[in-house]
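Chemist: When you get a sec, could you give me coordinates for this:
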Amino acid sequence: MKAGPVRRRNDIRQYDDLVDAWWRPEAAFAALHWLAAARGRLVPRPLADGEVLVDLGCGGGLMAPHASSYRHIGVDLSASALTVAARHGLLVVRGDAARLPVADGAAGVVLAGELLEHVHDLETVVAEVARVLRPGGTVVIDTINATRVARLALVGIAERLPGGPPPRIHDPDLFVSPDRLRKLFDEHDVDLRVWGIRPSARDYARFLADRTHPVRMLRTRSVALVYQGVGTKGYR
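Modeler: Numbers count the residues shown, from 1 in each chain. Coordinates of the predicted model:
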């Protein structure tokens, strides 16, 4: 196989290079399937028919099996990824998470999975999430902590492991501390609760054996690496 071009870290063109990998459980986005399943367990049931779920950085639409009860709107900057997502039933919109083409209070749920560690203007993205979320609505996030151990484990090591992130997909300078994230959400009346998550060692061993076995993400006390969270918007 011919090697693709070497991109700078966090270059969105990497998603064009890897467009055929989105729905292959053994390929470059394997861990995104595991994280999507963990995120899906946190999505509440819709309160009404046609309730909107906005999926920020939706990529190839891996949340589709976990959000089928909603009007699932996927927002992403990658046109190639959105083409794949549309094939899996998402209503797709090409847009920037810092300037969402969504009305105020339109969403019952906003997902920001494996997105926040890719954005340069975190303050504006959090403000946009809160803006489009209705009072009482739910935001579900997962991202990478801004720690030295996360830089080592998720960039220095994991990029070389099967099922790990594609090389150069992350810029560790954009990793996000949970304290900073909670503070930003709190400024917009969203109470965010977080906890750590990690892959099941037993499941990962089976994945190494056959490259298709799904890997459960388990909760941990430590948030030093990958962490997950759920927030609720207040009514003020």
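
Chemist: Measure how far the lengthiest strand in the chain is from the centre of its chain, please.
Modeler: Counting by DSSP state E, the longest strand found in the chain is strand 133-144. Here strand 133-144 is found 11 Å from its chain centre; the criterion is Cα atoms, centre = their mean, to the nearest Å.

Chemist: Then stretch 70-87?
Modeler: Distance, centroid of stretch 70-87 to centroid of chain: 13 Å (Cα atoms, centre = their mean).

Chemist: that older thread, tell me the mean pLDDT over the longest strand of the chain?
Modeler: If you average the pLDDT over strand 133-144, you get 98.

Chemist: Spit out the contact partners of the spatially most central residue of the chain.
Modeler: By Cα atoms, centre = their mean, the mean C-alpha position of the chain lies nearest to G113, the distance being 1.7 Å. Applying Cβ atoms under 8 Å, 6 or more residues apart in numbering, one finds that G113 lies in contact with 35-36, 39, 55, 57, 63, 140-142. Where you see a C-beta, it was placed from the backbone N, CA and C, and this is true even at glycine.

Chemist: A81 is in contact with W22, correct?
Modeler: Yes. Under the criterion of Cβ atoms under 8 Å, W22 makes contact with A81 at 6.9 Å.

Chemist: Report the buried residues of stretch 73-82.
Modeler: 73-76, 78, 80-82 (16 or more other Cβ atoms under 10 Å).

Chemist: Just flag the most distant two among those residues.
Modeler: I73 and S80 (18.3 Å; Cβ to Cβ).

Chemist: For the protein, give me the ranges with low pLDDT.
Modeler: Filtered on pLDDT under 70, the chain yields the residue ranges 1-4.

Chemist: name the helices or strands packed onto the longest strand of the chain?
Modeler: helix 30-40, strand 107-113, helix 178-186, strand 190-199, strand 226-233 (3 or more Cβ pairs under 8 Å, 6 or more residues apart in numbering; DSSP states H and E).

Chemist: Quick check: next helix or strand after the fourth one?
Modeler: Tracing the chain C-terminally past strand 190-199 and defining elements by DSSP states H and E, one meets helix 201-210 next.

Chemist: List of residues touching the helix or strand following that next one?
Modeler: Tracing the chain past helix 201-210, the next element assigned as helix or strand by DSSP H and E is strand 217-220. The contact list for strand 217-220 (Cβ under 8 Å, 6+ apart) reads 34-35, 37-38, 195-200, 228.

Chemist: how far out from the middle of the chain is strand 217-220?
Modeler: 16 Å.

Chemist: what do you get for stretch 225-232?
Modeler: Counting by Cα atoms, centre = their mean, stretch 225-232 comes out at 10 Å from the chain centroid.

Chemist: Give the buried residues for it.
Modeler: In stretch 225-232, counting by 16+ other Cβ under 10 Å, buried: 225-232.

Chemist: following the longest strand of the chain, which helix or strand shows up next?
Modeler: Using DSSP H and E, the helix or strand that follows strand 133-144 in sequence is helix 148-151.
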